[in-house]
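S.K.: need coordinates for the following:
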Amino acid sequence: MIDVIVIGAGPAGLAGAITCASSGLKVMVIDEFIKPGGRLIGQLHQELSGEWWNGIKESERLHQEALKQSVDIRSGVSVYNLEKDDDLWNVHTSIGTLTAPFVLAATGAAEYPIPLPGWTLPGVMSIGAAQVMTNVHRVQVGKKGIIIGANILAFAILNELQLAGIHVNRIVLPEKSPLSGKAGEPEEVMKSLLNAAHLAPSPLLRMGSRFMKNDWFRKTGMRFFPKSGVKVNGTPLLLRKAALEVIGTEQVEGVRVADTDANGNIIPGTETVYEADFVCIAGGLYPLAELAAVSGCPFQYIPELGGHVPHHSETMETPLEGLFVAGNITGIESGKIAMAQGTIAGYSIAKHAGKGGTAIVEQLNQSVKNVHLLRKQAAIQFYPDIESGRRKMYDLWEQLYANPARLHTEEKLG
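M.R.: Below is the predicted model of the structure:
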């Protein structure tokens, strides 16, 4: 019998599976992709220390460690439902229904789409798709591209595309609309980018960014933002130009843009067309939490974490007995933090399963401390107020679920 079913073979899922298996539990990992690794296998960047983070190598390391621990990994398996039946979870998949007393949902994140006219043309893709095609499948997505959307994810993948010899001509914003939200507002985009200003390539830019955090300086800066933009790794970032339409007949031929004012409103008569043979839409990431929702797990909308996230404790429990979560399903952060959260979940599951004796408590506490340390050391955060978001969730957990007597009463009333 399987003790633990892990849904998602990304960094959180594999790390959780390894920890569970090393504690003596029988573990199966399932993932819809053709091989394990999740978003790790598309990542390639240089860290502040000068070392290279190679996601393919890191995912292979996790994969091999999981195999050493006799973890059963099933790739190419889709999950479409998750439900509790007495003491067992039923995980309905494309290979049948699997059952186990414990489930770890490590389903990761998805990209926000920003629809605009022409976005269904061949050659238009999400920024994440460009990353996977480039770094995983070794496919050149095009020769002359435009990125629509300016955020930390877009800049990270821009660098990866450049390393592969793929030229991105410009970065523009999406047109301001209810669908694009803050991604179409120049000042809001500027504010979000200032949280990564310490990574700017020159001391002058880093110093200038400190002034831009002041509201008056930032508003003034947006009014006089150069039409030619400022360069990010050699690619012009045009905060005062918005994409109105992707043009082309049978494939992408260009993007029609217009100038905007400091608030993102289109200035009539300023339209022009930038040539391109591929377009990447960068809307940012949100927690991919549908399966947890299907299971009946309660949710909370916390913008600082990236959107709706399942209720969970700092030890990765949910209010549903036997269901645990880890990684970007709990809030958007880096692969390193996802792995560390997976380790927490693994120890937490082992503790609930009665494995590891008294040592498991210390291992669990140490793994929680490790996440705090990694978060403090993180060079960038996809959502800069992540600490505040985490605190909101853990305070909510304390209020709703930390009192066993109250929970028992509520169950009786229910």
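S.K.: any regions of this protein where pLDDT drops low?
M.R.: 41-42, 44-50, 52-53, 194-226, 379, 403-414 (pLDDT under 70).
S.K.: could you point out the longest strand of it?
M.R.: strand 235-247 (DSSP state E).
S.K.: sheet-wise, list the partners of that strand with their directions.
M.R.: Strand 235-247 has the following strand partners under DSSP bridges: strand 167-174 (parallel), strand 230-232 (antiparallel), strand 254-259 (antiparallel).
S.K.: of all those, which one is nearest Ile380?
M.R.: With Cβ to Cβ as the criterion, Ile380 lies closest to strand 230-232 of the strands paired with strand 235-247, at 13.5 Å. For every residue, glycine as well, the C-beta is placed using N, CA and C.
S.K.: list the buried residues in the closest one.
M.R.: Of the residues in strand 230-232, Val232 count as buried by neighbour count, 16 or more other Cβ atoms under 10 Å.
S.K.: other residues contacting that strand?
M.R.: Contacts to strand 230-232, defined as Cβ atoms under 8 Å, 6 or more residues apart in numbering, come from residues 155, 158, 171, 236-237.
S.K.: which of these lies closest to Asn370?
M.R.: Closest approach to Asn370 among the contacts of strand 230-232 (Cβ to Cβ): Phe155, at 27.2 Å.
S.K.: setting aside sequence neighbours, what's the nearest residue to that closest one?
M.R.: Nearest residue to Phe155, sequence neighbours excluded (Cβ to Cβ, 6 or more residues apart in numbering): Val232, at 5.9 Å.
S.K.: how near is the one you found to Asn265?
M.R.: For Val232, the distance to Asn265 (Cβ to Cβ, to the nearest Å) stands at 24 Å.
S.K.: ok, Gly248 next?
M.R.: According to Cβ to Cβ, Gly248 and Asn265 sit 27 Å apart.
S.K.: how about the helices in the stretch 151-300 of the chain?
M.R.: Ranges of helices in the stretch 151-300 of the chain, per DSSP state H, counting those that start in this stretch, are 152-163, 186-194, 203-212, 215-223, 290-294.
S.K.: and the longest one, what's buried?
M.R.: Across helix 152-163, burial judged by 16+ other Cβ under 10 Å covers 152-161.
S.K.: of the strands paired with strand 235-247, which is nearest Pro303?
M.R.: Among the strands paired with strand 235-247, the nearest to Pro303 by Cβ to Cβ is strand 167-174 (18.6 Å).
S.K.: re earlier: and the contacts of strand 230-232, which two are furthest apart?
M.R.: Maximum pairwise distance in the contacts of strand 230-232, criterion Cβ to Cβ, is 12.8 Å, between Phe155 and Pro236.
S.K.: check the offset of stretch 370-378 from the chain's centre.
M.R.: The chain centre lies 17 Å from the centre of stretch 370-378; the measure is Cα atoms, centre = their mean, to the nearest Å.
S.K.: what does it contact?
M.R.: Residues from elsewhere that reach stretch 370-378 (Cβ under 8 Å, 6+ apart): 333-334, 336-337, 340-341, 343-344, 386-387.
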